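Peer 1: Sharing a sequence plus its predicted fold:
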Amino acid sequence: MEKLNDLLKEKRNDDIWKKYCGFLDYTLKDFMNLQEDMLLEQLDRLKHCTIGKQIIGTKVPKSVDEFREKVKFTGYKHYSKYLMNKEETVLPEKPITWAHTSGRSGEYQFKWAPYTEEMFRVSGEKSCTALILSSCKNRGDIVLKEEDKVLFTVATPPYVSGIWIQGAMAEFNMKMFPPYENALKMDFHERIKVGLKSALSEGLDLVFGMTSILVKIGEQIGNRDSKNRGEKNSESSIGIQAILRLLQAYVKAKCNGRKVTPKDIWKLKGIVCGGMDTSIYKNKVKQLWGKIPLETYGSTEFGFIAVQPWNCEHMVLYPDVAYWEFICIDDYQKMKSDASYAPKTMLINEVKANEEYVLVGTSYHGGVFIRYIIGDLIKIVSLNDKEAQLNLPQLVCIARVDDLIDIGGFTRLTEKIIWQAIEDTGLSYTDWTIRKEYNESKPILHLYLELKDSNETSKTVTNKVHESLRMIDEPYRELERIAGVKPLKVSLLKKGSFQRFYEERVAAGADLAHLKPKHINPQDNALKNLLRMSSWEL
């Protein structure tokens with residue numbers, strides 16, 4: 001099978017677009033036909049394995065309708081006794097590697113998911129799809145080159161982002177900073193430091209990482225610039241090319257009356273980002289790095305799920321990763337409270353614009369998950385994109401569905417809404433966490449916020465965040481107007497609280513995903529330790 005490298009060498013741009021981005025030209029009928037064909041193929045694989053027989057039964061559905069009618073929804077608990085022990089004999093196909101999630105729910109330290117050779121290949125192709133779309137301006141535009149330079153800012157295997165990078169490298173001969181084999185031996189901060197040093201000397205074309213990480217790197221470059229002004233850099237420490245690159249950046253930044261930013265140092269082809277914060281930090285990333293980041297959406301269980309087209313607006317589902325179904329959010333909540341209730345799902349040709357759904361997936365390519373509730377709440381923004389001439393539904397990822405905070409039945413606040421509200425205040429902050437608590441049996445939103453250098457009081461910050469929430473969330477605004485309730489309480493943490501929490505977790509050998517508290521509804525122990533770092537007591 002031809003890979004991106006082969007096609008680039010032969011300058012077959014039309015074939016590149018068709019292979020990696022051609023799904024964007026599908027009609028709904030094309031999408032549905034491929035979904036059905038691949039589901040039936042996957043069911044044929046599942047009928048021979050232990051897990052398939054346990055979940056589907058001995059009689060394999062012969063149609064999509066029969067599959068949706070007879071097979072129940074699943075969660076990780078239906079697979080855990082096998083997957084947590086990496087039992088390969090029960091799977092539809094032998095995996096070549098295993099990925100694990102963060103286990104952020106606390107039910108598991110983390111969750112293991114098998115990747116077949118075919119899944120690994122597809123993940124690599126989807127990584128290349130994202131790189132192509134992040135760097136192009138229009139349909140069919142291919143600007144990637146062999147040995148494009150990429151900054152390694154993602155977690156290493158067994159985290160799925162590291163597996164995606166592995167897959168991309170099997171497709172596309174890119175130059176990674178630091179080199180992949182070296183990066184595996186470094187902790188996260190060392191990887192960034194070494195990678196940036198190489199990029200200063202050799203240049204940089206592409207960045208692939210979490211949006212919030214790119215913001216921090218961009219801000220640190222500006223802060224380091226301020227600290228290092230007047231210090232003499234020598235060729236032996238960073239090299240003559242790096243010195244020349246930095247001098248040019250200093251001149252450019254000075255002419256614009258600001259600190260040095262990454263866009264002064266490098267002119268990037270593209271940025272690929274993931275994470276709930278991408279839409280929140282999108283403009284800040286552009287301000288720092290000079291490019292709007294292209295957002296991707298994925299999960300450890302399925303790999304890449306959706307991607308934005310070249311206009312960096314809303315996302316489109318991949319049709320060849322998994323069989324996608326959608327549960328209306330109200331039906332999902334009813335199912336959570338009544339185990340006997342089995343909601344009817346919708347398919348992509350049945351979803352409605354401006355409706356919210358919980359995503360359900362069934363693995364393709366020999367994967368193991370069947371009608372698996374991923375736990376993500378998405379919103380169908382529109383049924384097409386007229387600007388980009390796309391005929392497929394456009395979506396955004398809103399939140400982890402079980403991380404919604406309900407106050408008085410008026411509003412369901414998500415991590416994204418709260419994060420955006422904090423950003424919109426203009427306050428300079430380090431990090432935050434929030435949870436629903438009770439004061440004399442009345443529910444409150446308790447926000448624990450660490451500011452950077454500020455003389456703000458808890459009262460003024462509470463007012464600012466409250467007003468910001470009112471501006472961006474109508475149900476929250478109605479809560480005050482109709483019920484006269486202002487549920488927000490802000491407690492300011494002392495400077496360095498989150499950093500001390502992080503350092504203690506690193507010293508204790510904690511996994512990368514558990515180095516800071518969850519933003520929404522942190523566990524009691526995590527919050528207690530964070531407050532201890534601020535010299536507080538619960």
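Peer 2: Good, I have the coordinates. Residues are numbered from 1 along each chain as shown.

Peer 1: so where's the stretch 1-150 of the chain uncertain?
Peer 2: 102-108 (pLDDT under 70).

Peer 1: change it to 50
Peer 2: For the stretch 1-150 of the chain, applying pLDDT under 50 flags the ranges 105.

Peer 1: Distance-wise, check residue 186 relative to residue 55.
Peer 2: Counting by C-beta to C-beta, to the nearest Å, the gap from residue 186 to residue 55 is 40 Å. Glycine gets a C-beta too; all of them are placed from N, C-alpha and C.

Peer 1: Which one's more surrounded, those two?
Peer 2: Shown here are residue 186 and residue 55; by other C-beta atoms under 10 Å, residue 55 has more neighbours (20 against 16).

Peer 1: For that one, give me its contacts.
Peer 2: Counting by C-beta atoms under 8 Å, 6 or more residues apart in numbering, residue 55 makes contact with 71-72, 74, 78, 370.

Peer 1: can you pull out the helices in the stretch 351-500 of the chain?
Peer 2: Secondary structure of the stretch 351-500 of the chain (DSSP state H, counting those that start in this stretch): helices at 415-424, 458-472, 474-483, 497-507.

Peer 1: which helices and strands does the third one pack with?
Peer 2: Identification of packing neighbours for helix 474-483 by 3 or more C-beta pairs under 8 Å, 6 or more residues apart in numbering; DSSP states H and E yields strand 411-413, helix 458-472.

Peer 1: by how many degrees do it and helix 458-472 diverge?
Peer 2: Here helix 474-483 runs at an angle of 110 degrees relative to helix 458-472 (axes from the mean of the first three to the mean of the last three C-alpha atoms, to 10 degrees).

Peer 1: pLDDT of helix 474-483, averaged?
Peer 2: Average pLDDT, helix 474-483: 83.

Peer 1: sorry, back to before: now for the contacts of residue 55, which sits with the most neighbours around it?
Peer 2: Busiest of the contacts of residue 55 [other C-beta under 10 Å] is residue 370, holding 26 neighbours.

Peer 1: Per-residue pLDDT of that residue, please?
Peer 2: Reported pLDDT for residue 370: 98.

Peer 1: Quickly note the distance from residue 457 to residue 194.
Peer 2: On the measure of C-beta to C-beta, residue 457 and residue 194 end up 42 Å apart.

Peer 1: again, but for residue 134
Peer 2: Taken as C-beta to C-beta, the span from residue 134 to residue 194 is 23 Å.

Peer 1: center of this structure, which residue is that?
Peer 2: residue 275 (2.7 Å; C-alpha atoms, centre = their mean).

Peer 1: related to what we said a few turns ago, go through the helices of the stretch 351-500 of the chain and name the closest to residue 100.
Peer 2: Nearest of the helices of the stretch 351-500 of the chain to residue 100, taken as C-beta to C-beta: helix 497-507 at 17.6 Å.

Peer 1: ok, back up a step: so residue 457 and residue 194 - more neighbours on which side?
Peer 2: For residue 457 and residue 194, the more surrounded residue by other C-beta under 10 Å is residue 194, and the numbers stand at 17 against 11.

Peer 1: tell me which element that one falls in.
Peer 2: Assignment of secondary structure by DSSP states H and E places residue 194 within helix 188-202.

Peer 1: what's the angle between whatever helix or strand comes next after that helix and helix 188-202?
Peer 2: As assigned by DSSP H and E, the chain's next helix or strand after helix 188-202 is strand 206-210. When the same axes, to 10 degrees is applied, the directions of strand 206-210 and helix 188-202 differ by 170 degrees.
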